[in-house]
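1. what's the 3D shape of this:
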Amino acid sequence: MLFHHNAKTKVVEGGHGFIDLCPECGRRARFVEVEVITSFGVFFVDLVDDKERKYRCTACAEVFDLREEPERATPATSAREIAAARAAAGAARASAEAARAVEVEHRRELAEARANRIEDELAELKKRLGR
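-> Model prediction:
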C-alpha cells in the first residue's frame, strides 16, 4: 500500500503575534500564529485531516507549539521591550545628532579661522607692495 503524509501552514488572518527570542535560530524575531493542516492518506487520497494552531518564527520559519509558555507570548511584554528599544534608539539618535552639531560647529570655526588667516596674509602683502 502507498501511504502519504502532508503538512501545510497558513498564516491566521488577525492571529496573535509577538516578538521573542527563537529557540531554534537564536535570533530575536517576530512569531506569527499559523494554522498547521496535516493530512494522511492512501493512494493519493486524503483520508484524515488534522488542524491545529502554532507559532512560526519569521526568521527561520520553524514552527513551535508555545502553549506551555504563555508568559513569554504576551504582547504586553513585547510592547514594553519594543518601547525600551525605541527609547534607546531615540537616545542614540539624539547623541549622534549632538555629535554632528559639534562637528559642524568645529568645521565652521576652522573655516572662519582660515578666512581670517587669508585676510591677514592679503593685508600683509598689500602693505609690502605699498598699497
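2. C-alpha from now on. contacts and neighbour counts both.
-> OK.
3. helix, strand or coil for residue 25?
-> Put simply, residue 25 is coil when judged by DSSP: H, G, I helix; E, B strand; the rest coil.
4. and it, how many neighbours does it have?
-> Per other CA atoms under 10 Å, the neighbour tally for residue 25 reads 13.
5. got a pLDDT number for it?
-> pLDDT, residue 25: 87.
6. repeat for residue 3
-> Residue 3 carries a pLDDT value of 77.
7. distance of it from residue 39?
-> From residue 3 across to residue 39, the span is 11 Å (CA to CA, to the nearest Å).
8. The two: which is more packed in?
-> More neighbours surround residue 39 than the other of residue 3 and residue 39, with 17 against 11 (other CA under 10 Å).
9. ok, for that one, nearest residue in space, not its chain neighbours?
-> residue 49 (4.3 Å; CA to CA, 6 or more residues apart in numbering).
10. Ok, residue 42 next?
-> Closest residue in space to residue 42, ignoring its immediate chain neighbours: residue 3 at 4.5 Å, by CA to CA, 6+ apart.
11. need the helices for the protein, in chain order.
-> Using DSSP state H, the helices of the chain run over residues 75-129.
12. Got the domain ranges for it?
-> What automatic domain parsing lists as the domains of the chain is 1-72, 74-131.
13. any idea which of those domains is most buried?
-> The highest average neighbour count among the domains of the chain, using mean count of other CA atoms under 10 Å, belongs to domain 1-72 at a mean of 15.
14. where does the protein have low pLDDT?
-> When residues are selected by pLDDT under 70, those of the chain lie in 1, 66-79.
15. can you tell me which strand in it is longest?
-> Using DSSP state E, we find that the single longest strand of the chain is strand 28-42.
16. now for that strand, which elements pack on it?
-> Under the contact criterion of 3 or more CA pairs under 8 Å, 6 or more residues apart in numbering; DSSP states H and E, strand 28-42 touches strand 3-11, strand 17-21, strand 45-57.
17. To residue 123, which of the ones you listed lies closest?
-> Taking CA to CA, strand 17-21 is the member of those nearest to residue 123, at 67.4 Å.
18. Strand partners (parallel or antiparallel) of the closest one?
-> Here strand 17-21 is paired, per DSSP bridges, with strand 28-42 (antiparallel).
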